[in-house]
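Enquirer: here is the input, now give the coordinates:
(2 chains)
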Amino acid sequence: MARYDIRLRDGLARAGVFHTAEEPLSLPAVIDPEKRFADLARMKHAHVPLSAPEGFVEEYLPDYETVVAVHPHSSRTALSGDVVMVGNWHTALGQPGRYVRWLQEMKERVQPDTVWYAPASALPSTVAFLIFSGLDLFDFTAVDLMTARDLYCTPEGEFPAEEWLGGGGCPCRGCAAGDLGMHNRLALAREIAVATRFLARGQLREFIETRCRAHAPLVALLRLFDGAYDFIEPAIPIVRTAQFRAYTAESLRRPEVRRFADRVTGRYVPYRTDVAVILPCSARKPYSGSRSHLRFRTAIRDRAHEVIMTSPLGLVPRELERLYPAAHYDIPVTGYWDREEREFIASTLAAYLGRHRYRRVLAHVEGGSLDIVADAAARCGMEIECTCRGHPTDAASLDALGAALEGERRKVPDIIRGCLSWQFGADIDTRGLMLKGKWMNQKVVRGKEQLFSLDPATGFFRPTFAGWDLIPEGYRIIIDNFVPKGDVLAPGIVDADPAIREGDEVLITGDLAVATGRAVMGAREMLKSSYGVAAKVRKVHKFAPDSP
Amino acid sequence: MISVEREKPLACWKGKDAYDGSVLTTLTVIFRTGGCAWNRCRMCGYRHERYHGLSGDALADRIIRQVNWVKANFRDDDYQMLKIFTSGSFFDPVEVPPPVRDAVAAAFRGKLVIAETRPEYVATDAVSEFIAGIDTGEWDVPLYVAMGLETTDDGIREKSIDKGFTFADFTGAADRARAGGAGVKTYLMMKPPFLTEQEAIDDMHRSIREAAPLSDMISMNLCTVQSRTEVERYWKQGAYRPPYLWSVISVLLKAGPHVLCDPVGGGSIRGPHNCRTCDHDIIGAITDYSLNADRSLLRAVAEMDCTCKKEWEFVCSREMPYCMPLTR
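Expert: Alright, predicted model coming up:
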């Protein structure tokens, strides 16, 4: 039986190996539909446009043997390992609003461990976006059409072959031979390979942000995808190890950004709410490794809660500075905040300050940053005290900051409580808990018992069984009657907390055993897939045979 | 100022048509009527053109006033043939009350008349009565009943057009028309929605072949994108493309009988078009062939080279029902 072994996923995008009776096929890929799906061409008069109404679709959507034709307005669905064909998808590329809506309708109906074929849609300038949209299988029809039109395909667009075939600077075999058709096909194959490499790096989003510039509808699509937060966010991994490059206007709208800010203003529990000091961010991550933050901390001496304001994340409480993407993002610095950035930071800060009523809020920022803090404070009716006298790291500023904190209580930041509340949505009593160890090998202990280890690459807390005892609910996966070894497969899962995202720490519980592990897919995918690794197991505890 | 409301047809123009080896001057009239009773065809833009809620008498009066307008604006001697279209069926007594038919017959007595109708309204009596009204002995067959068969493929007619009748219905109507003394003119429709370019070409080849024995004249209409139609909705979404003119000439060249074809809207993006560089010459050749049945000019343009020809050939071979249209 055919199965799609998905090895990489990021958002809607996937890559893996498709196993069938034929040779295994690495996806995403280009295939020859006439060879692979021979019955497609035999079906005559079978066209059903994407916008066709329900009754029409029901009557005319063809039944093929080799693929399952799906349609936004059909209830038809597919089984694990099926090839799902989204016919005429190339016409959706010109209609961004419908593209997102149609894709959502189909993706939410059809189970995820299926292979999605988008005929005649892939050009080097569009295929990365198609992969980003969760499509896996393509053909050469669109590039061959460009060849018939004497157009030269590049990831940046399609151009007259007359000028580009010799002068495009392409080192491919097709260009060397003056063979436009070969160049165009190779260009598509190359772009699929490049997109797959970026997917593997955890930077497909960054790649898409550059690639979408060839066509206005693609830029619109990217923005609309970000707007469809409830559809997209559950598929976005909670952590990545790659750098988070916030280099475009669209990166401010990434679901990861909104999720981080939502958790900071919602789930996160600050360890003190008497005095806060708002600090500027630093290029170096985590911030406390920077020279400027070393100076701030020396002046503050734990007498206030340090909150860092930043774009695109809004604000980062000191305890969370190692969490993804706070320690991973990079942004071009010009010293100028644009209107969107100002609004995002101000509204996030206002939501935060409105929820946690500090007795005093010090703003150790200047210029445009100070304006943003003032705006936020006005929105939630707070007074702020500015402690900058010139640049924030000037001696006068640091002196003013220290003086303003004269007499305030010293309290060491509670990283454990802060991070656990952000990560698990649980407010934990951290008395008696200690963060021990060197940078790359930190752990949380209570006496001699280890409760958590820290993932140095993501800042995530990995609970031991004893650690899970502190987290009362959530992030549980319920499995069938078996003892998991190594991996837990999707079909073995009975239930999963819908909050679980790829990369989340999870507790796997069943009648025969309990295990700690990490989710490899989001909860939605776990529950809807019949194939694939859903979670990697770290430690298993078998129950004694007679005590279930 | 008070505007004086004058009833006039939706459109009325003079042109030339081939008939029985010669070229006649034709007056084409499109009457505003009670509207098509079927009113469902996916590409039809005339469905919105109708009088609403008029009694039979009032409706008859309005249409007869349109007839009078035609009589007042075109001299009888200036044309020999009259082509009558309504937004539906000339022989539907609800859409066009019988007194109107009598008035038309009287007004255009002596003309060669072609009147369009759906097959279900073709009744031998009505046809022979109308003929009695217009016939002066000038023409062997003074009336041709024109029906929009569109295609001989019932599946395509139903799915792509939603026409609501079958090839058998058409055949029965043709028999009734002949029994009443009329000839039969058949309209075909090239490339309604949901067909690939090649499917559309094949459909026309087959339809011409199958309709020819039943028809005295065959006219092939080329699907256009009319306002406020289902086809327009698909077209706006990039889901429909009118036929290539290359396809049209390939159909006409291979057809057995002489097929009339007026490439309405040719060369525009809403009508049959190529790349716009070669459209003009091809439209000229089609119009020419339609009038004089001489295929030489058609053959010459078919041999012509244009950058879009390679694209058209690609579309014919690679456009599939599951990935179309490939071009705009």
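
Enquirer: and A:Val445, how many neighbours?
Expert: By other CB atoms under 10 Å in any protein chain shown, the residues close to A:Val445 number 17. Any C-beta I mention is one placed from the backbone N, CA and C, and that applies to glycine too.

Enquirer: report the beta-bridge partners for the closest residue to A:His305 other than its chain neighbours.
Expert: The shortest distance from A:His305 to any non-neighbouring residue, by CB to CB, 6 or more residues apart in numbering or on different chains, is to A:Ala276 (4.6 Å). Beta bridges link A:Ala276 to A:His305, A:Val361, judged by DSSP bridges.

Enquirer: now B:Lys111. Nearest residue, chain neighbours left out?
Expert: B:Leu82 (4.5 Å).

Enquirer: each with direction, which strands does the helix or strand where the one you found lies pair with?
Expert: Following DSSP states H and E, one finds B:Leu82 within strand B:81-85. Strand B:81-85 sits in its sheet next to strand B:22-30 (parallel), strand B:112-116 (parallel), going by DSSP bridges.

Enquirer: now the element after the last one, going C-ward?
Expert: Downstream of strand B:112-116, the first helix or strand assigned by DSSP H and E is helix B:124-134.

Enquirer: pLDDT weak spots in chain B?
Expert: Applying pLDDT under 70 to chain B picks out residues B:1-5.

Enquirer: residue 47: what's it in contact with?
Expert: This is for chain A. By CB atoms under 8 Å, 6 or more residues apart in numbering or on different chains, the contact list for A:His47 reads A:Gly87, A:Asn88, B:Phe194, B:Leu195, B:Thr196, B:Pro321, B:Tyr322, B:Met324.

Enquirer: nope, chain B please
Expert: B:Gly35, B:Cys36, B:Asn39, B:Cys41, B:Ser87, B:Thr229.

Enquirer: mind giving me the ChimeraX select for the residues you listed, buried ones only?
Expert: To isolate the buried subset of those in ChimeraX, counting by 16 or more other CB atoms under 10 Å in any protein chain shown, use the following:
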select /B:35,36,41,87,229
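
Enquirer: what's the most buried one of the strands paired with strand B:81-85?
Expert: Greatest average neighbour count among the strands paired with strand B:81-85 goes to strand B:112-116 (a mean of 23), per mean count of other CB atoms under 10 Å in any protein chain shown.

Enquirer: now stretch A:108-120, how far from the centre of its chain.
Expert: Offset of stretch A:108-120 from its chain centre (CA atoms, centre = their mean, to the nearest Å): 20 Å.

Enquirer: and that stretch, is it in reach of chain B?
Expert: Yes. Looking at stretch A:108-120 against chain B by CB under 8 Å from any CB of the partner chain, the contacts come from A:Pro119, A:Ala120.

Enquirer: and A:Ser125, which helix or strand is it part of?
Expert: For A:Ser125, there is no helix or strand it lies in under DSSP H and E.

Enquirer: identify the residue spatially nearest to it, adjacent ones excluded.
Expert: A:Ser125 sits nearest to A:Ala214 (CB to CB, 6+ apart), 4.1 Å away.

Enquirer: what's around the one you found, how many residues?
Expert: Residues within reach of A:Ala214, counting by other CB under 10 Å, total 19.

Enquirer: poorly predicted segments of the stretch 401-548 of chain A, please.
Expert: For the stretch 401-548 of chain A, counting by pLDDT under 70, the residues that fall below are A:546-548.

Enquirer: relative to chain B, which residue of it is the closest?
Expert: A:Lys528 (25.4 Å; CB to the nearest CB).

Enquirer: please verify my assumption that that residue contacts A:Thr114.
Expert: No. A:Lys528 lies out of contact with A:Thr114 (CB atoms under 8 Å); the separation is 10.2 Å.

Enquirer: which residues of the stretch 101-250 of chain A fall in strands?
Expert: A:115-117, A:137-138, A:151-154, A:157-160, A:244-245 (DSSP state E, counting those that start in this stretch).

Enquirer: would CSV of those with mean neighbour count and mean pLDDT be doable?
Expert: Shown next, in CSV, are the strands of the stretch 101-250 of chain A (neighbours: other CB atoms under 10 Å in any protein chain shown; pLDDT from 0 to 100):
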stretch, mean neighbour count, mean pLDDT
strand A:115-117, 28, 98
strand A:137-138, 28, 98
strand A:151-154, 23, 98
strand A:157-160, 16, 97
strand A:244-245, 22, 96
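
Enquirer: quick one on the thing from earlier: measure the residue nearest to B:Lys111 to B:Asp153 for me?
Expert: Distance, B:Leu82 to B:Asp153, by CB to CB, to the nearest Å: 31 Å.

Enquirer: the residue nearest to A:Leu151 when sequence neighbours are not counted: what's it in contact with?
Expert: Counting by CB to CB, 6+ apart, A:Leu151 lies nearest to A:Glu158, which is 4.3 Å off, once chain neighbours are set aside. Contact analysis of A:Glu158 by CB under 8 Å, 6+ apart lists A:Leu123, A:Ser125, A:Met146, A:Leu151, A:Tyr152.

Enquirer: go on, B:Val248?
Expert: Going by CB under 8 Å, 6+ apart, B:Val248 touches B:Met190, B:Met220, B:Leu222, B:Cys261, B:Pro263, B:Pro272, B:Ile282, B:Ile286.

Enquirer: now the last one: phi and psi?
Expert: Listed backbone geometry of B:Ile286 is phi -70, psi -50, with angles given as degrees, to the nearest 10.

Enquirer: what's around it, how many residues?
Expert: By the criterion of other CB under 10 Å, B:Ile286 has 24 neighbours.

Enquirer: that older thread, same list (the strands of the stretch 101-250 of chain A) but as TSV, adding distance to B:Glu129.
Expert: Below are the strands of the stretch 101-250 of chain A laid out as TSV (distance: least, CB to CB, whole Å):
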stretch	distance to B:Glu129
strand A:115-117	60
strand A:137-138	63
strand A:151-154	61
strand A:157-160	63
strand A:244-245	82
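
Enquirer: need the strands paired with strand B:81-85 in TSV with distance to B:Gly53, can you?
Expert: As requested, the strands paired with strand B:81-85 are exported to TSV (distance: least, CB to CB, whole Å):
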stretch	distance to B:Gly53
strand B:22-30	21
strand B:112-116	24
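
Enquirer: closest one of the contacts of A:His47 to B:Gly148?
Expert: For these, the minimum distance to B:Gly148 (CB to CB) is 16.7 Å, reached by B:Leu195.

Enquirer: close enough to count as contact, the closest one and A:His45?
Expert: Yes. At 6.6 Å, B:Leu195 counts as touching A:His45 under the criterion of CB under 8 Å.

Enquirer: ok, longest helix in chain B?
Expert: Counting residues, the longest helix found in chain B (DSSP state H) is helix B:56-73.

Enquirer: tell me what that one is packed against?
Expert: strand B:22-30, helix B:98-107 (3 or more CB pairs under 8 Å, 6 or more residues apart in numbering or on different chains; DSSP states H and E).

Enquirer: now do that helix and helix B:98-107, the angle between them.
Expert: Angle of helix B:56-73 versus helix B:98-107, following axes from the mean of the first three to the mean of the last three CA atoms, to 10 degrees, is 20 degrees.
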